[in-house]
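Asks: what's the 3D shape of this:
(2 chains)
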Amino acid sequence: MDINFVIEKFLLVTILFAITLLIAMYSTYAERKVAAFLQDRLGPDRAGPFGIFQPLADGLKMFMKEEIIPTNASKWLFMVGPGLAMLCACIGTAVIPWGQDLNVGGRIIPLQVTDINVGVLYLFGVVSLGVYGVMIGGWASNNKYSLLSAIRAACQNISYEVAMGLSIIALLLLTNTLSLREIVEQQHGWRWNVLYQPLGFLIFMICSFAETNRAPFDLPECETELIGGYHTEYSSMKLGFYLFAEYINMFVSSAVMATLYFGGYNYPGMDWVAAHVGPIAGPLIGTAVLFFKIFMFIFFFMWVRWTIPRFRYDQLMNLGWKGLIPLAIANIIITGIVIAVVNKF
Amino acid sequence: MKHNQPVYTDNDPQNELVTLNLGPTHPATHGVFQNVLQLDGERIVSGVSTIGYIHRAFEKIAEHRPFYQITPLTDRLNYCSSPINNMGWHMTVEKLLNIQIPKRVDYLRVIIMELARISDHIICNTIIAQDTGATTTFLYLFQFREHIYEIYEEVCGARLTTNVGRIGGLERDFNEIAFAKINKFLKEFPIALREFESLLNRNRIFIDRTAGVAEVTQENALSFGWTGPLLRATGVDYDVRISEPYSSYQDFDFEIPVGTSGDIYDRFLVRNEEMWQSLRIIEQALDKIKLEPKGIFHADVPEFYLPGKEEVYNNMEALIYHFKIVMGEIDAPKAEVYHAVEGGNGELGFYLINDGGRTPYRLHFRRPSFINYSMFAKMSEGMLLSDAIINMSSMNIIAGELDA
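Replies: Numbering: from 1, shown residues only, chains lettered A, B, ... in the order given. Here you go, the predicted model:
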């Protein structure tokens, strides 16, 4: 293994991590601004011009707060919870292809940390682990509200992972690969998967909302019933980690949706552009396009959150098991039949 | 009968039920009161309501105060619609003293009471939405409550605890700015209310959350003494404004919306429709005021209505009355009166016994929140925790009115 490879990957991981945190930080700002816009308010506008330093101020506040660990809490697990949530949220970005290969002086640099051939499965695994952070934190707090919330989170994530997995199976029938890079490459030139799998995308998107615990599926932390849900007892940066993990999850989910269904870094006319702007600018424009798609999804997440009410626990289960899973299975069958028929003739 | 004592902690490790202390400070209680629930998973097996956390002994304090000093106490009952409480109290004393109120004063009072009703219903309905998770509707409609407060400011100088009006009329006339603000409100509020309704009334998630939840039969509602929107949602068309008109409500043309099943969705719709009817009443009142002689804002009862300072300095009778009122030297007749107004939550009654002195011998507030809340623990049995919480929001329990 040559040293350049290590440096290159190290740089990529660092940049990616920084971008993830930056986006998560500014998602909190964007969320408040979007909410303010939808609610006919101004939103944060004190810290810097248009309040753009608000996330920094919030972060500083989180660090300065007194850290409280409840007497009866299970101390170690109480600390592991937010760490695990944050870790699982951050490592999801490793397999997402952020752009075409960069060609720097004859050296090919892929804009992807690792192109493992089971990328989709890896993502699922990481997302599933995320719920452990919530469960451990909720249980370790030794608070009944937190416990209820942890139970809700576990049920919700397990139920919706099934539907999510089934919706992906139909996609895999189409792509014949689990590598995210290949899935993106196949969507080159307007062959976006969302056009072939609209129902699958819809199911996947709804499940993403549930997986990230965003409204209308924010049952684990619904403040009107369970106070703060699993993070009721948390304070200072531990609370910050939980809140941060939610926004990182939202970012990763958006990236996955853009990658799997909306062509990733592909955009119309990219070959023509790439031929005219050179080997470095071309892929970077693709990356910018991917981020544009991600921001659109993040905005959509926020738009939904500030528009509709939340489900009740049993209604959530009904929707998951009686609505989405049968639909996903029907989607698999239809996709399978169509592929068989098309291949035959 | 053994009193049903709440169990605050899980003492028995073998017990399969979980004790949950919902309150006294919980985001969903919107005030200070507690429910000790026994949970089986998320389902409530039984509950005990504990009240009295902000009991301030208003009824006892009132026994030591002259009538006009009791008004600020009524502010703090249902502080979401203080003007209704204030007016109800003034009307009770006027009934005791047998004072005839000019029509124009009645209409001015109707305007401010209906504004208060709208502000009360805004709170309740947006809180239902908020507790189901729709924060935007809550904050969006709340700015109109702010506009109503601005009208209060013009009328009496205060916003939340208004202390508006005096025995015998109002403290001062509505000024031009107040009328302008009311007209502006009448123009802008219907648009926002329509938007609010379009976001929730046909929203599938909202209907699923509220329809068929916490249904109450008419018999149950009546036997628990329910009044107001909660009772009307079950289909009983009881409204004090119609059945016992006060403050010239008989002059107005408005409808009493009723529901069918008494569930949360019906309560929500009833309150929404009442806001529309209140707007109608205010419009009519504004028209009627134009026909009345200008500048009258109190009845001619010098022995009870505090004269203006200019009068006091230049006019001997006014000086005498001012002295007598302030020193509390005017005796009220020996009598027993009950007067009720339609408050935001139901029949708000004042039961006043006077033994001929200057302070009430006994005063009782019939507080609708207190009476409506008596069913809550029983209703919650068998409900999911989430349902119990929106049920609580839809009952619009105001802690100040609950505990007095």
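Asks: looking at this, residue A:108 is in a helix?
Replies: No - Residue A:108: not assigned to a helix; according to DSSP: H, G, I helix; E, B strand; the rest coil it is strand.
Asks: confirm for me that it is in contact with residue A:100.
Replies: No - the pair residue A:108 and residue A:100 does not pass the contact test of CB atoms under 8 Å, sitting 10.1 Å apart. Bear in mind the C-beta positions are built from the backbone N, C-alpha and C, glycine included.
Asks: ok, now which ones touch residue A:51?
Replies: A:29, A:33, A:43-45 (CB atoms under 8 Å, 6 or more residues apart in numbering or on different chains).
Asks: which among those end up buried?
Replies: In terms of neighbour count (16 or more other CB atoms under 10 Å in any protein chain shown), the buried residues within the contacts of residue A:51 are A:29, A:33, A:43-44.
Asks: go through stretch A:140-160 and flag the buried ones.
Replies: Under 16+ other CB under 10 Å, the buried positions of stretch A:140-160 are A:140-141, A:143-157, A:159-160.
Asks: nope, stretch A:47-67 is what I meant
Replies: In stretch A:47-67, counting by 16+ other CB under 10 Å, buried: A:51, A:54-55, A:58-59, A:62.
Asks: end-to-end on that stretch?
Replies: From its first residue to its last, stretch A:47-67 covers 25 Å (CA to CA, to the nearest Å).
Asks: just the terminal-to-terminal distance for stretch A:82-102.
Replies: Stretch A:82-102: ends 36 Å apart by CA to CA.
Asks: ok now it, how far from the chain's centre?
Replies: 9 Å (CA atoms, centre = their mean, to the nearest Å).
Asks: what do you get for stretch A:253-262?
Replies: With CA atoms, centre = their mean, you get 9 Å for stretch A:253-262.
Asks: and the contacts of it?
Replies: Here stretch A:253-262 has contacts from A:92-93, A:96-97, A:120, A:123, A:168, A:171, A:180, A:183-184, A:192-194, A:197, A:200-201, A:204-205, A:208, A:211-212, A:264, A:290, A:293-295, A:297-298, A:301, using CB under 8 Å, 6+ apart.
Asks: equivalent analysis for stretch B:385-395, please.
Replies: A:148, A:222, A:224-225, A:312-313, B:20, B:22, B:28-30, B:35, B:37, B:39, B:42-44, B:47, B:124, B:127-128, B:130-132, B:209-210, B:213-214, B:230, B:264, B:267-268, B:345, B:369, B:372-373, B:376, B:379-380, B:383.
Asks: rewinding a little: when you check chain B, which of the contacts of residue A:51 turn up near it?
Replies: Near chain B, judged by CB under 8 Å from any CB of the partner chain, there are no entries from these.
Asks: now, which of those residues sits nearest residue B:397?
Replies: residue A:43 (31.5 Å; CB to CB).
Asks: just checking, that closest one touches residue A:33?
Replies: Yes - counting by CB under 8 Å, residue A:43 does reach residue A:33; the two are 4.6 Å apart.
Asks: can you give me the end-to-end distance of stretch A:35-50?
Replies: Stretch A:35-50: ends 15 Å apart by CA to CA.
Asks: average model confidence for that stretch?
Replies: Average pLDDT, stretch A:35-50: 86.
Asks: and it, how far from the chain's centre?
Replies: Using CA atoms, centre = their mean, the offset of stretch A:35-50 from its chain centre is 25 Å.
Asks: so which of the buried residues of stretch A:140-160 are in strands?
Replies: Members of the buried residues of stretch A:140-160 lying in strands (criterion: DSSP state E): none.
Asks: which of the contacts of residue A:51 fall in helices?
Replies: Counted as lying in helices by DSSP state H, out of the contacts of residue A:51, are A:29, A:33.
Asks: where does residue B:304 fall, phi/psi-wise?
Replies: phi -120, psi -20 (degrees, to the nearest 10).
Asks: just residue B:340 next, same as before
Replies: Dihedral angles (degrees, to the nearest 10) for residue B:340: phi -130, psi 140.
Asks: the nearest residue to it once chain neighbours are set aside: what's it in contact with?
Replies: Spatially, and ignoring its direct neighbours in sequence, residue B:340 is nearest to residue B:349 (4.1 Å; CB to CB, 6 or more residues apart in numbering or on different chains). If you count contacts by CB under 8 Å, 6+ apart, residue B:349 has them with B:338-340, B:364-366.
Asks: mind giving me the PyMOL select for those, buried ones only?
Replies: The command below creates a PyMOL selection of those among those that count as buried (16+ other CB under 10 Å):
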select buried, chain B and resi 339+340+365+366
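Asks: shared neighbours of residue A:108 and residue A:100, which are they?
Replies: Contacts common to residue A:108 and residue A:100, judged by CB under 8 Å, 6+ apart, are absent.
Asks: neighbour-wise, which of these two wins?
Replies: Neighbour totals were compared for residue A:108 and residue A:100, and residue A:100 leads with 25 against 9 (other CB atoms under 10 Å in any protein chain shown).
Asks: and the helix or strand harbouring the more buried one, what does it pack onto?
Replies: Residue A:100 is part of strand A:99-104, with elements assigned from DSSP states H and E. Under the contact definition 3 or more CB pairs under 8 Å, 6 or more residues apart in numbering or on different chains; DSSP states H and E, strand A:99-104 sits against strand A:107-111, helix A:281-305.
Asks: pLDDT weak spots in chain A?
Replies: A:1, A:223 (pLDDT under 70).
Asks: find the closest residue to chain B in it.
Replies: Proximity of chain A to chain B (CB to the nearest CB) peaks at residue A:310, 3.2 Å away.
Asks: test my guess that that residue contacts residue A:216.
Replies: Yes - using CB under 8 Å, residue A:310 makes contact with residue A:216 at a distance of 4.7 Å.
Asks: please identify every residue contacting each of those two.
Replies: B:133, B:205.
Asks: look at those two and report which has more neighbours.
Replies: More crowded of residue A:310 and residue A:216, by other CB under 10 Å: residue A:310, with 25 against 22.
Asks: which residues touch the more buried one?
Replies: So residue A:310 contacts A:215-219, A:222, B:132-133, B:205 (CB under 8 Å, 6+ apart).
Asks: nearest spatial neighbour of it, chain-adjacent residues omitted?
Replies: residue B:133 (3.2 Å).
Asks: need the contact list for the one you found.
Replies: A:215-216, A:218, A:222, A:224, A:308-310.
Asks: filter these to the buried ones?
Replies: For the contacts of residue B:133, buried by 16+ other CB under 10 Å: A:215-216, A:218, A:222, A:224, A:308-310.
Asks: what are the phi and psi angles of residue A:94?
Replies: Torsion angles, degrees, to the nearest 10, at residue A:94: phi -60, psi -30.
Asks: number of nearby residues for the residue nearest to residue A:150 when sequence neighbours are not counted?
Replies: With sequence-adjacent residues excluded and distances taken as CB to CB, 6+ apart, residue A:150 is closest to residue A:138, at 2.7 Å. As a burial measure, residue A:138 scores 29 neighbours (other CB under 10 Å).
Asks: what does residue A:2 give?
Replies: Count around residue A:2 with other CB under 10 Å applied: 7.
Asks: same question, residue A:328
Replies: 25.
Asks: ok, now residue B:13?
Replies: 5.
Asks: what of the one 10 residues further on?
Replies: Residues within reach of residue B:23, counting by other CB under 10 Å, total 22.
Asks: surely residue A:231 and residue A:242 touch.
Replies: Yes - using CB under 8 Å, residue A:231 makes contact with residue A:242 at a distance of 4.7 Å.
Asks: show me the common contact partners of those two, please.
Replies: Shared contacts of residue A:231 and residue A:242, counting by CB under 8 Å, 6+ apart, come down to residue A:137.
Asks: more crowded one of these two?
Replies: Taking other CB under 10 Å, residue A:231 and residue A:242 do not tie; residue A:231 has more neighbours (26 against 23).
Asks: that's all I had, so thanks and see you.
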